[in-house]
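**Student:** The sequence isn't on hand, but the structure is:
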């Protein structure tokens, strides 16, 4: 069971009221310009109201064909478990997909690359396994990708360079291996990137270093962290990193 917003055991008025009283989950407020439905609602799931009014959910409230479409799903530290279902990509107006600090396991579905409007994909602090599917780098509007603190393995796909609108990237605390792709240097809007606490090796590509905000002319990349300690024996050579995580040897 979730920690809150569980469906009532029975659908009597008293049980519904009791379930609603145990739900306080509202979505993370983002500076969107459109009106929304349910962004401050905390009804338990499956209660007899509009689905947009359930806790952890917000919908578009615009006067067009997006009205009532799911815009945000947002649960944090709520005991959410199970696996990610591929059918989620059918929510084709979804912009914010946040299921962090839970007990989700299994692989990231390749179908998530079909999201066309997603801006934030945040699955950190779960138990996700397998490799990062290259298909998710087809989400061309993505601005924030948080996959840190899972059990993901394998190399970072080279087509990560397709995420040209990405500003925030956290892949740290996984089991990723191989080199950091030079294609990360194609992310010209990237401000923050964490690659530390993995099994990555090699050298930070010059293309990435060229985007640091300490270069001339300066780029936007202010925070860049990898496992580049101890001196003389780093896992990743990085002369341009903002800080070096200490590798336990």
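**Tutor:** Alright, I've got the coordinates. Owing to the predicted nature of the structure, the values given are computational and were not obtained by experimental measurement.

**Student:** pLDDT value on residue 190, please?
**Tutor:** Per-residue confidence at residue 190 stands at 98 (pLDDT).

**Student:** Buried residues in the lengthiest helix in the chain, which are they?
**Tutor:** With DSSP state H setting the assignment, residue counts place helix 13-21 as the longest helix in the chain. Within helix 13-21, the residues that count as buried by 16 or more other Cβ atoms under 10 Å are 16, 19, 20. All C-beta spots, glycine's among them, are computed from the backbone N, C-alpha and C.

**Student:** JSON lines for these, including pLDDT?
**Tutor:** Listed next are the buried residues of helix 13-21 as JSON lines, based on pLDDT from 0 to 100:
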{"residue": "16", "pLDDT": "96"}
{"residue": "19", "pLDDT": "95"}
{"residue": "20", "pLDDT": "96"}
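
**Student:** which one among these gets closest to residue 151?
**Tutor:** The closest of these to residue 151 turns out to be residue 19 (Cβ to Cβ; 33.0 Å).

**Student:** Might one say that the closest one is in contact with residue 10?
**Tutor:** No. The pair residue 19 / residue 10 is not scored as a contact, 9.6 Å apart, by Cβ atoms under 8 Å.

**Student:** Pairing partners for the residue positioned nearest the centre of the chain in the sheet, please.
**Tutor:** Compute the mean C-alpha point of the chain, and by Cα atoms, centre = their mean the closest residue is residue 122, 1.8 Å away. Note on residue 122: beta-bridge partners residue 98, residue 146, judged by DSSP bridges.

**Student:** What of residue 175?
**Tutor:** According to DSSP bridges, the partner residues bridging residue 175 are residue 153.

**Student:** tell me the pLDDT at the residue nearest to the centre of the chain?
**Tutor:** 98.

**Student:** ditto for residue 4
**Tutor:** According to the predicted model, the pLDDT of residue 4 comes to 88.

**Student:** Span of stretch 218-235 from start to end?
**Tutor:** 27 Å (Cα to Cα, to the nearest Å).

**Student:** related to what we said a few turns ago, contacting residues around the longest helix of the chain?
**Tutor:** Outside of helix 13-21, the residues within contact range by Cβ atoms under 8 Å, 6 or more residues apart in numbering are 6, 7, 8, 9, 42, 43, 44, 47, 48.

**Student:** how distant is stretch 81-98 from the center of its chain?
**Tutor:** Its chain's C-alpha centre and that of stretch 81-98 lie 11 Å apart, by Cα atoms, centre = their mean, to the nearest Å.

**Student:** How about it, which residues are buried there?
**Tutor:** If you call a residue buried by 16+ other Cβ under 10 Å, then stretch 81-98 has these buried ones: 84, 88, 89, 91, 93, 94, 95, 96, 97, 98.

**Student:** And the residues you listed, which two are furthest apart?
**Tutor:** Maximum pairwise distance among the buried residues of stretch 81-98 (Cβ to Cβ): 18.7 Å, between 84 and 93.

**Student:** Kindly confirm my reading that residue 87 is in a helix.
**Tutor:** Yes. Assignment of residue 87 by DSSP: H, G, I helix; E, B strand; the rest coil places it within a helix.

**Student:** Let me see the contact set for it.
**Tutor:** Going by Cβ under 8 Å, 6+ apart, residue 87 touches residue 111.

**Student:** Residue 119 versus that one, what's the distance?
**Tutor:** Between residue 87 and residue 119 the computed distance is 20 Å (Cβ to Cβ, to the nearest Å).
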